[in-house]
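J.: here is my input, please return the structure:
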Amino acid sequence: MQDAILAGDVKQVEELLSSGTWALPHWTFQNDEHEDEQDTLLLMAARAGHVEVARVLLDRGADIDRPSSTCCKTPL
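T.: Model prediction:
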């Protein structure tokens, strides 16, 4: 999922979410730039500038106000 989001691959993100494995779009992943921080999928898409991926995640219930795991950063 992380690779699909960072690549801006909307189709693959939709397929992964539809598969049921990624039913929770607020799951977090290790932030490679800051090892002690985890980003939500939506924050990852926002940082990468992938608006369409962000829309897909929001349509699936991603919380736009949910911060990264260790700080106050949100997708906005």
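
J.: and the nearest residue to His50 once chain neighbours are set aside, what is it in contact with?
T.: With sequence-adjacent residues excluded and distances taken as C-beta to C-beta, 6 or more residues apart in numbering, His50 is closest to Gly8, at 4.0 Å. All C-beta spots, glycine's among them, are computed from the backbone N, C-alpha and C. Taking C-beta atoms under 8 Å, 6 or more residues apart in numbering, we find Gly8 in contact with 48-50, 52-53.

J.: SS state for Thr39?
T.: Quick fix: residue 39 reads Asp, not Thr. strand (DSSP: H, G, I helix; E, B strand; the rest coil).

J.: what's the spacing between it and Arg66?
T.: Taking C-beta to C-beta, to the nearest Å as the measure, Asp39 falls 10 Å from Arg66.

J.: higher neighbour count, those two?
T.: Comparing Asp39 with Arg66 by other C-beta atoms under 10 Å, the one with more neighbours is Asp39, at 27 against 16.

J.: how close does Asp39 get to Ala45?
T.: When Asp39 is compared with Ala45 (using C-beta to C-beta), they lie 9 Å apart.

J.: who touches both of the two?
T.: Common contacts of Asp39 and Ala45 (C-beta under 8 Å, 6+ apart): none found.

J.: cheers, nothing more for now.
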